[in-house]
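Q: Pasting a predicted model and its sequence here:
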Amino acid sequence: MFMSKVAVVGAGAVGTYYGARLAEQGHDVAFVLRSDYSAVAERGITVNSKDGDIRLHSPRITKDPAELAQTFQPDWILCALKATALPDAERLISPLIEADTRLLAIINGLGIEEEFAKWMDPKRVFGGLAFTCINRSEPSVIDHLDYGPLTITHLGDDPSELAIAISLWEKVKVVTSVADSRLAARYLKLCWNIPFNGLCVLAGGVTTEVIMLDPSLRSLAEKIMREVIEIGNADLINSTGELAPQLDNRVIDEMMTMTDTMIDYKPSTMIDFVEGREMEIDAIFQVALARGLALGVECVELQKMTKALHSISNQDK
């Protein structure tokens, strides 16, 4: 098995978890850190996981990507920045990009890969969709609570590139798969992200269990999922020219069953709201809404939700 050099940019809970799993398998992983740098330098990285704990005593870390690039030329960039930090991505990542470097963006929302393709080779841009429950309990400590599969997509849906991407995760303790359609996979993830991230904020900063146990909120979550499916199918038909819809309402039952059985979880947007940080409203909600309206889809509930989120956004005040 070929061991790769991987730079994790955006080493929050998600980036640190998947980077630590790669390091566990023997890949040479470097973490680009900001606020957690001192804690990790002192205590290393601890991952408490349902799939087996990880302890990286002396991980390779840096505050400065340009300084790291002097001695470390990564085969892969694992970018797990918040979508709100995408304007900083080129500055943070470009010093690490070599001719053969590929980038996997594990970031929620729509239009993510296209943002990276503005300044790097589109053929080397991939999207990662993490179906997992991961939080950071304290600096340098990650709690992997439930699920964990990673779906890998490619900006151009190139099967040969997807084969290269999946090979990175061979024998890594992460269930990985590839998606033939990046856009369909993005909408599939939004079927969960939009209703649960949004409702957990708008219900007052609550967990997923509150939504699932409240009949009116649960029903609203299902309505919003239906709208996301309609938007996704309209977008896919418009983008590919195919007439058959790729998403159907069985997704709703699957998502609700999954959420019924998962641990009581704090979605990332709810945590950002409660802790006073900027929420990922544009990437997760606004872009999907704009596409739906442009394609003539009736998105009444998504429109209400997006407007309500903007009204309480820490960024918009």
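A: Cool, got the structure. Numbering: from 1, shown residues only.

Q: how much space is there between Ala85 and Val8?
A: 14 Å (C-beta to C-beta, to the nearest Å). Quick note: C-beta positions are derived from backbone N, CA and C, even for glycine.

Q: who's more crowded, those two?
A: Remark: of Ala85 and Val8, Val8 carries more neighbours, 30 against 17, as counted by other C-beta atoms under 10 Å.

Q: tell me what the helix or strand hosting the more buried one is packed against?
A: Applying DSSP states H and E as the criterion places Val8 in strand 5-9. Applying 3 or more C-beta pairs under 8 Å, 6 or more residues apart in numbering; DSSP states H and E, we find strand 5-9 packed against helix 13-24, strand 28-32, helix 65-69, strand 76-79, helix 89-93.

Q: List the strands paired with that strand, with their directions.
A: strand 28-32 (parallel), strand 76-79 (parallel) (DSSP bridges).

Q: Okay, and the beta partners of Thr176?
A: Beta-bridge partners of Thr176, as defined by DSSP bridges: Leu150.

Q: list the contacts for it?
A: Thr176 makes contact with Pro149, Leu150, Thr151, Ile152, Ile166, Trp169, according to C-beta atoms under 8 Å, 6 or more residues apart in numbering.

Q: how much space is there between the nearest residue to the first one once chain neighbours are set aside and Asp51?
A: What sits nearest to Pro149 in space, not counting adjacent residues and going by C-beta to C-beta, 6 or more residues apart in numbering, is Val175, at 4.2 Å. Note on Val175: its distance to Asp51, by C-beta to C-beta, is 9 Å.

Q: in the top helix by length along the chain, what's buried?
A: In the chain, taking DSSP state H as the definition, the longest helix is helix 215-240. Neighbour-count burial for helix 215-240, counted by 16 or more other C-beta atoms under 10 Å, picks out 217-218, 220-221, 224-236.

Q: returning to what we had before: can you lay out the strands paired with strand 5-9 as a markdown table showing mean pLDDT?
A: Formatted as a markdown table, these follow (pLDDT from 0 to 100):
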| stretch | mean pLDDT |
| --- | --- |
| strand 28-32 | 98 |
| strand 76-79 | 98 |
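
Q: winner for burial among those strands?
A: Among the strands paired with strand 5-9, ranked by average contacts under mean count of other C-beta atoms under 10 Å, first place goes to strand 76-79 (a mean of 26).

Q: How far away from the center of its chain is that one?
A: Here the centre of strand 76-79 is set off from its chain's centre by 13 Å, with C-alpha atoms, centre = their mean, to the nearest Å.

Q: Kindly state the pLDDT recorded for Pro258?
A: Wrong residue type there; residue 258 is Met, not Pro. Confidence at Met258, expressed as pLDDT, is 96.
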